[in-house]
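1. below are the sequence and a predicted model; questions follow.
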Amino acid sequence: EDQVTQSPEALRLQEGESSSLNCSYTVSGLRGLFWYRQDPGKGPEFLFTLYSAGEEKEKERLKATLTKKESFLHITAPKPEDSATYLCAVQASGGSGYSTLTFGKGTMLLVSP
Amino acid sequence: GAVVSQHPSRVICKSGTSVKIECRSLDFQATTMFWYRQFPKQSLMLMATSNEGSKATYEQGVEKDKFLINHASLTLSTLTVTSAHPEDSSFYICSALKGPVNTEAFFGQGTRLTVV
């Protein structure tokens, strides 16, 4: 059974204080690892997809990296508007092209001014 | 971009009544849509996969007679919660696939259902 564990559950940062969120996963074969941002009362907003170990992707203050066991979402010099819950999800390989996503519980990030 | 619209965003209903939630892909056609449920501080749990023109595929433990899914067109899927009970109160989210592979699943804004 595919499993995704995110840590920490919650993280409070001061504006400008860089940090990383962790996503550990167990999957039979990884087709893709996804990061989403979710604001309160909203649906997830797509951030990144990573496909293979060693891959990195960046978007503004966010950088996602991937190893064979985990992914990190690095937040550099965060701003209050980066406050949200960050979700990690994995898609297993095999089957049809769109095998379903397994989500972690998310990390709730709060950035104080 | 790819926009998925979900309606309503909030609904309160009485126990025993039915509620319909709509999920529309506004600027693309979606053969496949997914319905999730999310409880507070919990992960999104897949309820069912909805395929246009065919019956939905439900995840284990999800009652198909209680959560009716209809995907009648390439831009619309509906989830009807029948005979709702307070324990059905949750945040329901749909997502739509823009292409044949799940490189980017686009999510609706969610529906907060409260059953009183």
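-> Sure, I can see it. In this text the structure is predicted, and so the values were computed from the model without any measurement. Numbers count the residues shown, from 1 in each chain, chains lettered A, B, ... in the order given.
2. any stretches of chain B with poor pLDDT?
-> B:1, B:100-104 (pLDDT under 70).
3. residues in it within reach of chain A, list them.
-> B:4, B:6, B:9, B:32, B:34, B:41-46, B:49, B:91, B:93-95, B:97, B:100-110, B:112 (C-beta under 8 Å from any C-beta of the partner chain). Any C-beta I mention is one placed from the backbone N, CA and C, and that applies to glycine too.
4. and those residues, which are buried?
-> Neighbour counting over those (16 or more other C-beta atoms under 10 Å in any protein chain shown) leaves B:4, B:6, B:32, B:34, B:43-46, B:49, B:91, B:93-95, B:97, B:102-103, B:105-110 as the buried ones.
5. looking at these, which are in strands?
-> Under the assignment DSSP state E, those contribute B:4, B:6, B:32, B:34, B:45-46, B:49, B:91, B:93-95, B:97, B:105-107 to strands.
6. can you get me a residue count around residue A:66?
-> Residue A:66 has 23 neighbours, counted by other C-beta atoms under 10 Å in any protein chain shown.
7. hang on, I meant residue B:23
-> Using other C-beta under 10 Å: residue B:23 sits among 28 other residues.
8. same check on residue A:17?
-> 13.
9. ok, it touching residue A:78?
-> Yes - using C-beta atoms under 8 Å, residue A:17 is in contact with residue A:78, at 6.9 Å.
10. circling back: of the ones in strands among the buried ones among the residues of chain B next to chain A, just say which sits nearest to chain A.
-> Set against chain A, the nearest of these by C-beta to the nearest C-beta is residue B:107 (3.7 Å).
11. nearest residue to that closest one other than its sequence neighbours?
-> residue A:43 (3.7 Å; C-beta to C-beta, 6 or more residues apart in numbering or on different chains).
12. sec struct for that neighbour, please.
-> On the three-state scheme (DSSP: H, G, I helix; E, B strand; the rest coil), residue A:43 is labelled coil.
13. contact partners for it?
-> If you count contacts by C-beta atoms under 8 Å, 6 or more residues apart in numbering or on different chains, residue A:43 has them with B:4, B:6, B:93, B:94, B:95, B:107, B:108, B:109, B:110.
14. tell me the centre residue of chain B?
-> Central residue of chain B (C-alpha atoms, centre = their mean): residue B:35, 3.5 Å from the mean position.
15. how much space separates that one from residue B:95?
-> 8 Å (C-beta to C-beta, to the nearest Å).
16. also residue A:18?
-> Applying C-beta to C-beta to residue A:18 and residue B:95 gives a distance of 31 Å.
17. same question, residue B:32
-> 9 Å.
18. now swap in residue A:52 and tell me
-> Residue A:52 is 24 Å from residue B:95, by C-beta to C-beta.
19. next: residue B:37.
-> 12 Å.
20. who's in contact with residue B:4?
-> A:43, B:23, B:24, B:25, B:26, B:30, B:94, B:95, B:96, B:106, B:107, B:108.
21. just residue B:44 next, same as before
-> Taking C-beta under 8 Å, 6+ apart as the test, what residue B:44 contacts is A:44, A:87, A:89, A:101, A:103, B:36, B:37, B:38, B:93.
22. hmm, the one helix or strand the third one maps to touching chain B?
-> Assigning secondary structure by DSSP states H and E places residue A:89 in strand A:84-92. Yes - applying C-beta under 8 Å from any C-beta, one finds strand A:84-92 in contact with chain B at A:87, A:89, A:91.
23. what number of residues lie near the first one?
-> This points to residue A:87. 25.
24. repeat for the one 4 residues further on
-> Burial measure for residue A:91: 25 neighbouring residues, criterion other C-beta under 10 Å.
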